[in-house]
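[1] I would like to see how this sequence folds:
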Amino acid sequence: MEFQGYELREYSPSVWSSTRVSNLTADYWEDKYSTKEAFMKLFHYIQGGNDRIAGLVCVTLVNMKVTRHYGKVAKLSQTTNETMDMTVPVVSSHAKDEVWMNFMVPANMSDNPPQPTNTDVEIYRAAKDEYFVRPFTTWILSDLIYGDQLFAMEFNKLKADLDRDGQSYTVDPMFFTAVYNGPWKIFNRYNEIWIMKK
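    Purely as a prediction, here's the structure:
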């Protein structure tokens, strides 16, 4: 359902690999490197840091479609014929002093997802839920200059739009950011802010 400046979406149950950064010393928006450690833990998980994928032979961009809300980077195992897809969006949930980062587990593996070998990474099953979503685009230079302040501005715009329309929502304990493009994408980088409907 579309509104002025945002839309309401219902997401089906989904499975994610998840890790967190806690005890942040600076506001998340002021520390654009605060999630680098979390990203690398999850990246290691899809590169073979799990109980079913032994190693990486090639990395191939297969598909990325924002309208379907997923993309794939195939990872071919040396010891089996299984693949582990890197799916987008990469979703981060933000609380006062911690950030959770999540990679979606591909649907064909969601019933029995590969288990992480790093104890800092866990498998999380998200229930069906509704979110108010604000899409926006950036380009790589603006990301480098302003970092996550761009997300902060869009987050505040979304809250203002929801208040204007009298929508019932919650950002306690957290809200979400979704990033759909890797660092190789220069222009029209597609991002979203998600706020849960009450």
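
[2] show the pLDDT at C58.
    Here, the pLDDT recorded for C58 equals 28.

[3] what's the burial count for M109?
    15 (other CB atoms under 10 Å). C-beta here means a position set from N, CA and C on the backbone, and glycine is covered the same way.

[4] what's the pLDDT at it?
    M109 is given a pLDDT of 81.

[5] renumber starting at 155 from here on
    Taking 155 as the first residue, the last one we looked at is M263.

[6] list the buried residues in the lengthiest helix in the chain.
    The helix that spans the most residues within the chain, counting by DSSP state H, is helix 303-318. For helix 303-318, the neighbour count (16 or more other CB atoms under 10 Å) marks L304, F305, A306, E308, F309, L312, K313, D315, L316 as buried.

[7] kindly indicate which of those lies nearest V244.
    F305 (12.7 Å; CB to CB).

[8] this protein: strands as residue ranges?
    156-157, 160-165, 168-175, 213-219, 224-229, 244-248, 253-258, 276-280, 283-292, 323-324, 329-333, 343-351 (DSSP state E).

[9] adjacent strands (with direction) for the third one?
    Which is strand 168-175. Next to strand 168-175 in the sheet, as set by DSSP bridges, lie strand 253-258 (antiparallel), strand 276-280 (antiparallel).

[10] what about F193, distance to V275?
    Per CB to CB, to the nearest Å, F193 is found 11 Å from V275.

[11] who has more neighbours out of those two?
    The neighbour comparison of F193 against V275 (other CB under 10 Å) goes to V275, with 22 against 16.

[12] buried residues in stretch 340-352?
    R343, Y344, N345, E346, I347, W348, I349, M350, K351.

[13] quick one: least confident helix or strand in this structure?
    Every helix and strand in the chain was compared by mean pLDDT, DSSP states H and E; the lowest is strand 213-219, with a mean of 23.

[14] so where's the chain shaky on pLDDT?
    178-188, 207-242, 248-250, 294-302, 327 (pLDDT under 70).

[15] the same query, at a cut-off of 90, please.
    By pLDDT under 90, the weakly predicted segments of the chain are 165-166, 168-264, 266-268, 280, 291-307, 325-345.

[16] any buried residues in stretch 167-175, and which?
    In stretch 167-175, the ones that count as buried by 16+ other CB under 10 Å are S168, V169, W170, S171, S172, T173, R174, V175.

[17] what do you get for stretch 254-274?
    W254, M255, N256, F257, M258, V259, P260, P267, P268, P270.
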